[in-house]
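Engineer: Pasting a predicted model and its sequence here:
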Amino acid sequence: MKTKQWTLALALTIMGSMAQFSCDSKTENKAEEVQDEYKDVQEAKEEGDSSDVREEQSELDTARKEYIKEGTKEQSDSQR
């Protein structure tokens, strides 16, 4: 019986610690999205296709706006 209790306690501890690391905030997710879009813009510039650069830059601008919007939303929520 004690072995089952220890196993259960260990499993719950591991699951709890993993849950802490997997919970990203929306702002962090948006920041990663901005970084990815920035990389896409840089790659398009290296390829030299101006239409791709414009498209990727537009996506980057949208990602930045969403990041700013999410950041201000989280700040206002935390001030309540």
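Structural biologist: Now that the structure is in, tell me what you want to look at.
Engineer: Gly16 versus Leu8, what's the distance?
Structural biologist: Note on Leu8: its distance to Gly16, by Cβ to Cβ, to the nearest Å, is 12 Å. C-beta: built from backbone N, CA, C; applies to glycine.
Engineer: repeat for Leu10
Structural biologist: Relative to Gly16, and taking Cβ to Cβ, Leu10 is found at 11 Å.
Engineer: cool, and Val41?
Structural biologist: 39 Å.
Engineer: cool, Glu70 as well?
Structural biologist: 27 Å.
Engineer: okay, these two: which has more neighbours?
Structural biologist: Glu70 (18 against 9; other Cβ atoms under 10 Å).
Engineer: Next up, the contacts around that one.
Structural biologist: Neighbouring residues of Glu70 by Cβ atoms under 8 Å, 6 or more residues apart in numbering: Lys26, Thr27, Lys30.
Engineer: List only buried entries from those.
Structural biologist: Among those, those buried by neighbour count (16 or more other Cβ atoms under 10 Å) are Thr27, Lys30.
Engineer: of all the contacts of Glu70, which comes closest to Ser58?
Structural biologist: Nearest to Ser58 out of those is Lys30 (Cβ to Cβ; 16.6 Å).
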